[in-house]
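A.B. asks: sequence and predicted model, in that order:
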Amino acid sequence: MTSLSAGQRRIWFLQTRDPEDTTLNSCAVYRLRGPVDAGRLRAAVDGVAERHEILRSTYDSDDEGEPFRVVREGIGPSWQELDVSELTGSSRARRLEVLVRRAAGRPFDPTAEAPLRCLLIRTDVEEYIFALVIHAIGWDEGSWTVFCDEVSHRYNGTDLPTAAAAQNASGATESGIEYWRRTLRPLPQPLELPGRVAVPAGSASQAARRVRELPGDLMARVEEFARDRGTTPFTVLLAAYDVLLHRYTAATDFLVSVPVSVRETDSEGIGYFGNSVLLRAAVRPGDTFAGFTDTVRDAVTGAFAHRDIGIDRVVREVNPERDGGRDGLEQLVRTEFGIRSGAARFALDGIESTLLEFGSPSTRIPLSLTVVMDASAESASASAGMPPSPVARLEAEYQVDRVECEIVEQVLSNYVRLLDSALAEPGRLIGDLDMFGGQDRAGILEQSHGELVATEPTTLVALVERRVAATPTATALVAAAEGDREYDYDHLDRRANRLAHWLIRRGIGTEDVVGLRLETSVEFVVAVLAVLKAGAAYLPIDPAYPGERIDLLAADARPVLMLRRSGTGGAGDGEADFDAAEREAGALADHAPTDADRVRPLRPGNLAYVIYTSGSTGTPKGVPVTHAAIAEHVEGFRAQWGMTARDRLLQSSSISFDASLLDLFVTLTLGACLVIPKPDAFRDIPYVADLISRCGVTVLHMVPSLLRTFLMLPEVKQWRALRHVPVGGEALHGEVADRFAGVFDAELRNHYGPTEAVVSATHLTVEGPQGTRIVPIGHPNRNVYVYLLDERLHLVPAGVVGEIYLGGEQLARGYLRRPGATAKRFVADPFRPERRLYRTGDLARRNIRGELEFLGRADEQVKVRGYRIELGEVEAAVASHPAVAQCVATAVPDKAIGTVLAAYVVPAGDAVDIDAVRAHAAMTLPEYMVPAAFTVIDEIPLTEHGKLARRALPPPAPVSVELYREPVTATEIRLAEVFGELFGRDRVGAGDSFFDLGGHSLLAARLLARVRAEFGVEIGVRVLFETPTVTGLAALVEAAAARNTPLEVG
């Protein structure tokens, strides 16, 4: 029996934890052309196995759980010969792929088989495929060269080199362990790579590879730069990868795993001499590439000097939190970087050998990048009389269910470009290094704007009056509060004209602001049109606002006049009663005012309205918008929508919310009909439901939370006239969209846009099943620019989170009388000279289909246990339970255990089983995204604009914290004693976790050996990871003992 090295013990542990795991398999596929002698080749392989006992070894563990290796008679590399030469073309190719993948994808059993399988497949008269599948416990990178050389010598009948003894690496030293403690504590947060965030990191999945050539001249520059900095090409290449990761994730402190060899010499025999070191990247915003390379050089030097410390021991020392059946390393590492020589080749007499494929069928690392140096290319250059030019390629291996192949291709492209830029300008700040080629940059910029259409600036007045002239007798308004009374365009226009002349007579004109303290009503529409026709701008103020807020808005906006109606407060200075004003205006002309009538001429650049937004400081800010901006939005919206003059749109937005502009002006400039409900109608959902049916509403604009409420009504199926439903203002959950599709044959469009960019900047027609995801916000509207930029205003690649910056003619002027806030948020456009952008403070990423995915506010990003959480994804998963009508998730501080996720649920019926909802969430989400607290509430609190009022949520239900609990059953008591003996503790509670106490892979093997000895029950490592508490294990032990069956894989 031979003890295992630290690296081999880790491999043994991983394989026994999950016997079906294939991440430790690796496969090399060669094409052999020529008169291959299969018997000679097999004899050569057997001879190599006879020479290297590790190829005749199996593995087991003793009573203490300590693994060992034993050489066994009759054990050796498996050999299989097949013939597919009768097949042709694609049939042969498909059959070959199936055979090779089947061999590579079959798990090894280290207790019963050697770590090498050979598959020789005849494909033609003198053509073969030779596939070698190895297991990492007995093989490392250097073993390929030894194996290929020795097989070639034996096949050719030439003398073999002297065999080198396989030596295990030396043991850990206290100074080495202290180095890793000092370097890694406190642990940085795990990297958040672009990808499908719901896939738990560390879970094994199918691997795929993408390859890109690294130009020879670029590698030559790498070597030259390395010499200048007194370091190695590996360090320079790693520094570039660290910078790329920083640019992709915005992380400034993260870990990259690097595979290393602890072979004493390159000629050492076949075996596993590998390890991994964790290189910590500390990126500072002020770093240049040259300076950062020096930092990486120092980190590499220190880490490689202590590479003999087994990675398991390193992880044990820092003891990261574990969950979901994954070990500590998998919790820490999201990416790997390495450099290696090209795979070894056979040199068989008369046979042409070509390597076709090399890699593993599955992987636990989401993304790995390897620089493969091709020594044969250097030799070819030298033999041709040319200076040796190092040729290399990049190989990216990735988890196919976590990272899209398009993102991986992009990573490779960005890496090559960034490396080139860094070497050209090593003194440049790393945040400014270019990582796009000209074509890539042009492609991103092309996706960053909607259809560009040349338009003449105009005014809302011109658009409305053009419609009045075209269809004067068409129905413009339906007043539900007046018994569904209808008003045609001509009536509405004349009434607004008279009031406009009344305003002009009071000296009101362009750039003046008129406050409208009016409820949702026909009178409000008349007042809006009158103010605009007079040339002034309107300020909507909901009379239902608290008096203090009304006073604040009035004091800040300083309107020259406030129009109100009786019952909305007593008239003060600068105020007028709307009804009285209309009576006075009745004697005035009803023709449309012209510039000759107005106090000052009306131009597209004049102010049209001021709407207040809720400020992050709690103080609302006025947003002034010109006619040109809102008119451009209205015309673009009409052009992109399928609305017609036959449509009827329900005014669903508060008059003080910018979405009311869509209700009002899209309808009235199109010649359609606006259905006006009673004031505060949406507090009476049955009334609104009846109104939609009664008035034949075809267009219904609302926030997604209100749509969710409507979809629960039985009356919703009677809304047969509904054709278009634009939603916006908050995230649209996929399950709401899918429920909508199951009820209506109507178009659902998701919109995004802040008040500062006029109602809406993006759109997406929602098609097909959406599942539990947050529906993307889509693509830029016509003539709108939507950039995703990093902190230094550089474009970010697809899949990478950036802040949304909006541009185009639809931007507001800024903030009313707030030059400081305006300068902070309205910035110069770096891509279009003399243009402006609005910095939204919102985060998004562009997926590989070019759709924008909204991720929330930059200042409200939630992190729990080091993971960034997208609250919308949590909400969608919880709300997909049939007993839940609505869900809101938030992060809350907890004194005992730090920040936790809390979910607020509104029941779909009379009651909801929270345990069932929690179990449902656990089946849908990664463990770290499952809320720790669930609170049942009657309804979701909303703001005056219909958005979530997060601050109005009640305190969440208390989070259960596991305190010490005495073991009760005999099994619990004995298991607690075993835990105590392993960890040197006098007291272990029933709820204590193996990993929280400091457990690691070696102790796991010892614990399970003790369980086997104490209880006669075989429990697998994977079960321990999934059920690590005393109570949980005791229940499994008792159940297994009762059934007399092992729990080997859980």
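C.D. replies: Sure thing, it's come through.

A.B. asks: partners of residue 774 in the sheet?
C.D. replies: When bridges are assigned using DSSP bridges, the partners listed for residue 774 are residue 733.

A.B. asks: against residue 724, how distant is it?
C.D. replies: Going from residue 774 to residue 724 by CB to CB, to the nearest Å gives 22 Å. The way it works is simple: take the backbone N, C-alpha and C, and place the C-beta from them, glycine included.

A.B. asks: neighbour-wise, which of these two wins?
C.D. replies: Neighbours were counted for residue 774 and for residue 724 using other CB atoms under 10 Å; residue 774 has more, 23 against 17.

A.B. asks: OK, contacts around the more buried one?
C.D. replies: With contact set as CB atoms under 8 Å, 6 or more residues apart in numbering, residue 774 has these partners: 731-734, 853-854, 870, 872-873, 876.

A.B. asks: check which element follows the helix-or-strand element of the chain with minimal mean pLDDT along the chain.
C.D. replies: In the chain, the helix or strand scored least confidently by mean pLDDT, DSSP states H and E is helix 375-383, which has a mean of 41. Scanning forward in sequence from helix 375-383, with DSSP states H and E defining helices and strands, the next element found is strand 392-399.

A.B. asks: neighbouring strands for that following strand, and are they parallel or not?
C.D. replies: Partner strands and pairing direction for strand 392-399 (DSSP bridges) are strand 205-214 (antiparallel), strand 367-373 (antiparallel).

A.B. asks: need the contact list for residue 891.
C.D. replies: Contacts here follow CB under 8 Å, 6+ apart; on that basis residue 891 touches 862-864, 869, 871, 899-902.

A.B. asks: show me the two of those residues that sit farthest apart.
C.D. replies: The two members of these with the most space between them (CB to CB) are 863 and 902, at 14.6 Å.

A.B. asks: so between those two, which is more surrounded?
C.D. replies: The residue with more neighbours, out of residue 863 and residue 902 and counting by other CB under 10 Å, is residue 902; that gives 21 against 12.

A.B. asks: next, give phi and psi for the more buried one.
C.D. replies: Torsion angles at residue 902 (phi, psi; degrees, to the nearest 10) stand at phi -120, psi 140.

A.B. asks: and if you look at residue 856?
C.D. replies: In this entry, residue 856 is assigned phi and psi values of phi 110, psi -170 (degrees, to the nearest 10).

A.B. asks: okay, buried residues for stretch 252-265 please.
C.D. replies: Going by neighbour count (16 or more other CB atoms under 10 Å), the buried part of stretch 252-265 is 254-263.

A.B. asks: now go through those residues and say which are in strands.
C.D. replies: Taking DSSP state E as the definition of strands, those contribute 254-261.

A.B. asks: for the residues you listed, give me a markdown table that also has pLDDT and distance to residue 712.
C.D. replies: As requested, those are arranged in a markdown table below (pLDDT from 0 to 100; distance: CB to CB, whole Å):
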| residue | pLDDT | distance to residue 712 |
| --- | --- | --- |
| 254 | 94 | 44 |
| 255 | 94 | 47 |
| 256 | 95 | 49 |
| 257 | 93 | 49 |
| 258 | 94 | 54 |
| 259 | 92 | 54 |
| 260 | 91 | 59 |
| 261 | 86 | 62 |
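
A.B. asks: can I get these in CSV including distance to residue 696?
C.D. replies: CSV is the format used below for those (distance: CB to CB, whole Å):
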residue, distance to residue 696
254, 58
255, 61
256, 62
257, 63
258, 67
259, 68
260, 73
261, 76
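
A.B. asks: tell me the one among those residues nearest to residue 530.
C.D. replies: The nearest member of those to residue 530, counting by CB to CB, is residue 254 at 59.9 Å.

A.B. asks: so where do the helices sit in the stretch 701-850 of the chain?
C.D. replies: Secondary structure of the stretch 701-850 of the chain by DSSP state H, counting those that start in this stretch: the helices cover 704-711, 734-743, 819-825.

A.B. asks: no wait, the stretch 101-250 of the chain
C.D. replies: With helices called from DSSP H, counting those that start in this stretch, the stretch 101-250 of the chain shows them at 141-156, 174-184, 216-229, 233-249.

A.B. asks: what's the spacing between residue 92 and residue 84?
C.D. replies: The span separating residue 92 from residue 84 equals 6 Å under the rule CB to CB.

A.B. asks: ok, these two, which is more surrounded?
C.D. replies: For residue 92 versus residue 84, neighbours defined as other CB under 10 Å are more numerous around residue 84 (19 against 16).

A.B. asks: shouldn't that one be in contact with residue 119?
C.D. replies: No - under the criterion of CB atoms under 8 Å, residue 84 is not in contact with residue 119, lying 11.6 Å apart.

A.B. asks: need the overlap of contacts for these two.
C.D. replies: residue 99.

A.B. asks: and the chain, what are its domain boundaries?
C.D. replies: In terms of domains, the chain is parsed into 2-156, 864-952, 970-1043 (source: automatic domain parsing).

A.B. asks: what's the average pLDDT for the last one?
C.D. replies: What domain 970-1043 shows for mean pLDDT is 83.

A.B. asks: same check, this time on the first one
C.D. replies: Domain 2-156 carries an average pLDDT of 92.

A.B. asks: start and end of it, how far apart?
C.D. replies: Separation of the first and last residues of domain 2-156 by CA to CA, to the nearest Å is 33 Å.

A.B. asks: who's in contact with residue 112?
C.D. replies: By CB under 8 Å, 6+ apart, the residues touching residue 112 are residue 58.

A.B. asks: residue 935 belongs to a strand?
C.D. replies: Yes - assessed by DSSP: H, G, I helix; E, B strand; the rest coil, residue 935 belongs to a strand.

A.B. asks: correct me, but it touches residue 905?
C.D. replies: Yes - taking contacts as CB under 8 Å, residue 935 lies within contact range of residue 905: 7.3 Å.

A.B. asks: those two: which is more packed in?
C.D. replies: Relative neighbour count places residue 905 above the other of residue 935 and residue 905, with 25 against 17, counting by other CB under 10 Å.

A.B. asks: model confidence for the more buried one, exactly?
C.D. replies: Turning to residue 905, the model gives it a pLDDT of 94.

A.B. asks: who does the helix or strand harbouring it pair with, and is each partner parallel or antiparallel?
C.D. replies: When secondary structure is defined by DSSP H and E, residue 905 falls within strand 898-907. For strand 898-907, the paired strands and their directions (DSSP bridges) read strand 884-894 (antiparallel), strand 933-936 (parallel).

A.B. asks: reformat the strands paired with strand 392-399 as JSON lines; add distance to residue 893 and mean neighbour count.
C.D. replies: Below are the strands paired with strand 392-399 laid out as JSON lines (distance: least, CB to CB, whole Å; neighbours: other CB atoms under 10 Å):
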{"stretch": "strand 205-214", "distance to residue 893": "34", "mean neighbour count": "16"}
{"stretch": "strand 367-373", "distance to residue 893": "33", "mean neighbour count": "21"}
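
A.B. asks: so where do the helices sit in the stretch 251-400 of the chain?
C.D. replies: Here the stretch 251-400 of the chain has its helices, by DSSP H, counting those that start in this stretch, at 289-305, 311-318, 328-332, 375-383.

A.B. asks: how about the CA coordinates for the second one, as PDB?
C.D. replies: This means helix 311-318. Output in PDB follows, covering the C-alpha atoms of helix 311-318 (Å, rounded to 0.1, in the frame of the first residue of the first chain):
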ATOM      1  CA  ILE A 311      -4.900  23.100  -2.100                       C
ATOM      2  CA  ASP A 312      -7.100  21.100   0.300                       C
ATOM      3  CA  ARG A 313      -4.900  22.200   3.200                       C
ATOM      4  CA  VAL A 314      -5.100  25.800   2.000                       C
ATOM      5  CA  VAL A 315      -8.900  25.800   1.700                       C
ATOM      6  CA  ARG A 316      -9.100  24.100   5.100                       C
ATOM      7  CA  GLU A 317      -7.100  27.000   6.700                       C
ATOM      8  CA  VAL A 318      -9.400  29.700   5.200                       C
END
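
A.B. asks: pLDDT on it, on average?
C.D. replies: Taken as a whole, helix 311-318 has a mean pLDDT of 81.

A.B. asks: against residue 988, how distant is residue 981?
C.D. replies: From residue 981 over to residue 988 the distance is 9 Å, taken as CB to CB.
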